[in-house]
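Undergrad: sequence and predicted model, in that order:
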Amino acid sequence: MNIIKKAALYFARKEFCRNAINERADLAVLRQNHTLLEKIGISLIVFSFVMVIPSFFIVGFIAADLKKPVIGIIGIPAAYGISWLILMLGMYVTGPRYAKALRHWIIRIVLEKILGDELKTLACVPADNLQNNIINKENIKR
């Protein structure tokens, strides 16, 4: 068993990950009606992704046009930092409900990709019997 699969099994046994798996976490919260503050936060998040690449090119072109590479050396990381600040502000304004939904969905998707069908058995087996169940399956395969 490779190290990635061992790590996935370790995390799949944790209560937080088991809840995400058992709840079949999805992004249904994004389809609900949003408050004005949530709409502003989502807009900020989208804007942070849309602005980052063009800002690199703009700062790079300005630095090349003025023949001052220091502008690019300082400006490009500054633009990247500003985009991250906008992203974090958007996540803060949007609220913890969306962050939790996204976190649960990502955990479920990643564990499903790594563990495949084993994930279904892990979700059903009590936490105490997980390690014994996994070891027995590995011995049977050999």
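TA: Happy to help now that I have it.

Undergrad: ok, residue 89 to residue 101 distance?
TA: Using Cβ to Cβ, to the nearest Å, one gets 19 Å for the distance from residue 89 to residue 101. For glycine as for every other residue, the C-beta is placed from the backbone atoms N, C-alpha and C.

Undergrad: can you count the residues close to residue 17?
TA: Using other Cβ atoms under 10 Å, residue 17 has 21 neighbouring residues.

Undergrad: got it, and residue 36?
TA: Neighbourhood size, residue 36 [other Cβ under 10 Å]: 7.

Undergrad: now residue 97
TA: Using other Cβ under 10 Å, residue 97 has 11 neighbouring residues.

Undergrad: ok, now residue 39?
TA: Residue 39: 13 neighbours (other Cβ under 10 Å).

Undergrad: and it, what does it touch?
TA: Not one residue lies near residue 39 by Cβ atoms under 8 Å, 6 or more residues apart in numbering.

Undergrad: that one sits in which helix or strand?
TA: Assessed by DSSP states H and E, residue 39 sits inside helix 36-66.

Undergrad: what's the answer for residue 78, then?
TA: Here residue 78 is assigned to helix 69-94, by DSSP H and E.

Undergrad: that helix vs helix 36-66, what angle?
TA: Taking axes from the mean of the first three to the mean of the last three Cα atoms, to 10 degrees, helix 69-94 and helix 36-66 form an angle of 180 degrees between their directions.

Undergrad: in stretch 111-118, what's buried?
TA: The neighbour-count check on stretch 111-118 (16 or more other Cβ atoms under 10 Å) flags 111-112, 114-115, 118 as buried.

Undergrad: and stretch 93-106, by the same measure?
TA: Applying 16+ other Cβ under 10 Å to stretch 93-106 flags 93-94, 98, 101-102, 104-105 as buried.

Undergrad: would you mind checking the average pLDDT for it?
TA: Confidence for stretch 93-106, expressed as mean pLDDT, is 86.

Undergrad: much appreciated, bye for now.
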